[in-house]
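S.K.: Give me the fold of what follows.
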Amino acid sequence: MMGVIIALISGALMSVQGVFNTEVTKQTSIWVSNSWVQFSALLVCLGAWLFKGRESFGKLLQVSPKYLLLGGVIGAFITLTVIMSMDQLGPAKAALLIVVSQLAVAYVIELFGLFGMEKAEFQWSKLIGLAVAIGGIIIFKK
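M.R.: Below is the predicted model:
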């Protein structure tokens, strides 16, 4: 149950963050806004590390495969694309498309066991659920 609550909070925070970042972008620029988001996130993470963690950053050199270290790069592009989509589509449409895209890509990752994830068996119910979500986009758009 805690995982469900955390996931719901995550989705809510992503929507609020997207709106905030879009408004900051309108007053500055896309790259200034994106830089601020990443920099402020770094400060929060370093602060949490000081009080909670203290694991060695040297452990990053041991991560394998090395492409797994691209999460921050991907994060910068996530921020960029969320800002752009919310600006062009509005928060509700953008969030709906983002979530369905996340669901589709996550299912492909599971099906093929990509990036070290455990391979899952194909289930028609999951494909039908994805189709229903896509249908929801069409209904929501109209």
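S.K.: give the contact list for Gly18.
M.R.: The contact partners of Gly18, by C-beta atoms under 8 Å, 6 or more residues apart in numbering, come to 82-83, 86, 91, 94-95. Every residue, glycine included, has its C-beta placed from N, CA and C.
S.K.: so Ser64, which of the three states?
M.R.: Secondary structure, DSSP: H, G, I helix; E, B strand; the rest coil: Ser64 is coil.
S.K.: Sitting in helices, which of the contacts of Gly18 do you find?
M.R.: Among these, the residues falling in helices (DSSP state H) are 82-83, 86, 91, 94-95.
S.K.: mind listing the strands for the chain?
M.R.: Applying DSSP state E to the chain gives no strands.
S.K.: Okay, buried residues for the longest helix along the chain please.
M.R.: Looking across the chain with DSSP H, the single longest helix is helix 2-27. Buried residues in helix 2-27, defined by neighbour count with 16 or more other C-beta atoms under 10 Å: 14-15, 17-19, 21-22, 24-25.
S.K.: ok, how many other residues are close to Ile109?
M.R.: 15 (other C-beta atoms under 10 Å).
S.K.: Could you measure from it over to Met2?
M.R.: Distance of Ile109 to Met2, computed by C-beta to C-beta, to the nearest Å: 23 Å.
S.K.: Ser56 now?
M.R.: 29 Å.
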